[in-house]
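Enquirer: All I have is the shape, not the residue letters:
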């Protein structure tokens, strides 16, 4: 199964700034996903990222706030833009592999 | 909005005790039910992918059952060990790499 390296593992950021999270997969995967887990909430899908096309965003998430890149079949980035304390969450990338999903180890973001 | 519920949300058990928790999900548009084990600062680890009503799967001391008609799955841990301490997530999958909906998780703490 694929292994995903996600970085940074954690960061503390000032409000109004942006943070880019990277995920590198050790094999080519067609579909990658970005999730957010706010404190006390379940993992929520932000968007689906396919190589060569624009990401598909879920209701409540917009490209201006969470721009995503997918330049090739092994890499994707998620940027959290113009951060506010409400963006403090764990962000998790995932790839569809076989009949399941593989995940990165998450980025714990605190916005102060 | 799909409703995937897990109970209890947290659980403390003594080492050696057996335990179980529940995931309930919609009984329509079912393709698969995923169970993951998520330790802090690590990637969620796939435990089981369950697809057929009546499925029972086992991995060491951990097993799971599936009832798609009534929309629930149980995860059992026999003889809990401290290393079983983690959050156990279930995810409802309606297939075709469509949106996978996660429960909030059951946080298990095994006390030595």
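Expert: Perfect, thanks for sending it. Fair warning: this is a prediction, and the values are worked out from it, not measured in the lab. Residues are numbered from 1 along each chain as shown, chains lettered A, B, ... in the order given.
Enquirer: Quick check: beta-bridge partners of residue A:25?
Expert: The partner list for residue A:25 in beta bridges (DSSP bridges) reads residue A:4.
Enquirer: count of neighbours near it?
Expert: Neighbourhood size, residue A:25 [other CB atoms under 10 Å in any protein chain shown]: 23. Backbone N, C-alpha and C define where each C-beta goes, glycine included.
Enquirer: and if you look at residue A:26?
Expert: The number of residues packed near residue A:26 is 12, by other CB under 10 Å.
Enquirer: got a list of what it touches?
Expert: Residue A:26 sits next to A:2-5, A:74 when contact means CB atoms under 8 Å, 6 or more residues apart in numbering or on different chains.
Enquirer: Kindly recompute the last result at 7 Å.
Expert: The neighbours of residue A:26, taking CB atoms under 7 Å, 6 or more residues apart in numbering or on different chains as the test, are A:2-3.
Enquirer: Tell me the backbone dihedrals of it, please.
Expert: When read as degrees, to the nearest 10, the backbone of residue A:26 gives phi -90, psi 10.
Enquirer: quick one: the strands in chain A?
Expert: Using DSSP state E, the strands of chain A run over A:4-7, A:10-13, A:19-25, A:31-37, A:44-50, A:56-57, A:68-72, A:75-80, A:89-97, A:100-103, A:107-111.
Enquirer: and residue B:84, how many neighbours?
Expert: Residue B:84: 20 surrounding residues under other CB under 10 Å.
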